[in-house]
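Asks: Have a look; sequence and predicted model below, questions after that.
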Amino acid sequence: MKLSTWNVNSLKVRLPHLLDWLSLRQPDVVCLQETKLEDSKFPYDAITAAGYHVVFSGQKTYNGVAILSRWPLQDAVVGIPGWEDTQQRVIAASTNGVRIVCVYVPNGQSTDSDKFQYKLAWFRALTAYLEKELLRCPHLAVLGDFNVAPADDDVYDAVAWGDGVLTSPAERSAFDVLLALGLHDSYGLFQKTAGTYTWWDYRMAAFRRNMGLRIDHILVTPALAGSCMAWEVDKMPRKLERPSDHAPVLVTFKLIG
DNA sequence: ATGGCGGCTCGCAGCCGA
């Protein structure tokens, strides 16, 4: 079973890349972020024609999330239940016995902004939500763009980034609190390689110079971690013309059944 | 090194992302 996550930065623009990538890599489950599409404009037909079931929640211009799966998707839940949010950043569903939670964590803009306070509040709400979900779902994975580089090794120049947004102690603490619920960052299950990133700025030839951050993550319960065989960031789509600034991340599981 | 890039919009400039 192969699970993946990809911030596509506009599904309208990136649909050809996505369809090519699905055909090439054949992931079983794909979580998408920043679709930037109203639900009425979601490319449902193209994705089902590619052999995937899909659930989605979007809005105009910003945000928007979706889950694609080879298997039927059941019990879809949009947003964080009981927590009001006008921004479409979370969708969850069950497929092939695994609870999938797709997240697009707020960016935060700068640590002294209102948007940063929203980011921290959002993390608290997500944590409370997942705490309950974990009680009933031993096979659960949280995939998405977390907008947090958990450690200095996840930043091409930790000194330059300092305590700013994406690397601040407050955000790293929020991320750690999430893991403390009983989730593993699947990247940490394997040998780490220096310079492993999932996002590169469009500017400054950042991708060519590997000036990136590891901010897209796949978190898994202990039951899933035990069958996790591989973690990978696929840099190929980042090399295409008009790429997303994020590359897809994949994990492979050896599951019974 | 946040500016350069690239997405979006009742667009032609400004907001937002990371």
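Replies: Great, that's in hand.

Asks: who touches the residue in the stretch 151-257 of chain A positioned nearest to DNA strand B in this structure?
Replies: Nearest residue of the stretch 151-257 of chain A to DNA strand B, counting by CB to the nearest atom of the strand: residue A:202, 3.5 Å away. Any C-beta I mention is one placed from the backbone N, CA and C, and that applies to glycine too. Contacts of residue A:202 were listed using CB atoms under 8 Å, 6 or more residues apart in numbering, and they are residue A:245.

Asks: Count residues in the vicinity of the residue in the stretch 51-200 of chain A that DNA strand B sits nearest to, would you?
Replies: Minimum separation of the stretch 51-200 of chain A from DNA strand B (CB to the nearest atom of the strand) falls at residue A:107, amounting to 3.4 Å. By the criterion of other CB atoms under 10 Å, residue A:107 has 16 neighbours.

Asks: Up against DNA strand B, what does chain A have?
Replies: Neighbours of DNA strand B within chain A, by CB under 7 Å from any atom of the strand: A:7, A:9-10, A:12-13, A:34, A:36, A:60-62, A:106-107, A:109-110, A:115, A:145, A:147, A:157, A:159-161, A:164-166, A:199, A:201-204, A:213, A:215, A:242, A:245.

Asks: again, 6 Å this time
Replies: Neighbours of DNA strand B within chain A, by CB under 6 Å from any atom of the strand: A:7, A:9-10, A:12-13, A:34, A:36, A:60-61, A:107, A:109, A:115, A:145, A:147, A:160, A:166, A:199, A:202-204, A:213, A:215, A:242.

Asks: Is it possible to mark the buried ones in those residues?
Replies: A:7, A:9, A:34, A:36, A:107, A:145, A:147, A:166, A:199, A:213, A:215 (16 or more other CB atoms under 10 Å).

Asks: hang on, the fifth one packs against residue A:164?
Replies: No: counting by CB atoms under 8 Å, residue A:107 stays clear of residue A:164, with 11.6 Å between them.

Asks: Return the subset of the residues of chain A next to DNA strand B lying in strands.
Replies: A:7, A:145, A:199, A:213 (DSSP state E).

Asks: Need the residues you listed in CSV (columns: pLDDT).
Replies: As requested, these are exported to CSV (pLDDT from 0 to 100):
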residue, pLDDT
A:7, 98
A:145, 98
A:199, 98
A:213, 98
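
Asks: who does the helix or strand hosting residue A:66 pair up with?
Replies: Per DSSP states H and E: residue A:66 is located in strand A:65-69. When sheet partners are counted by DSSP bridges, strand A:65-69 sits next to strand A:29-33 (antiparallel), strand A:53-57 (antiparallel).
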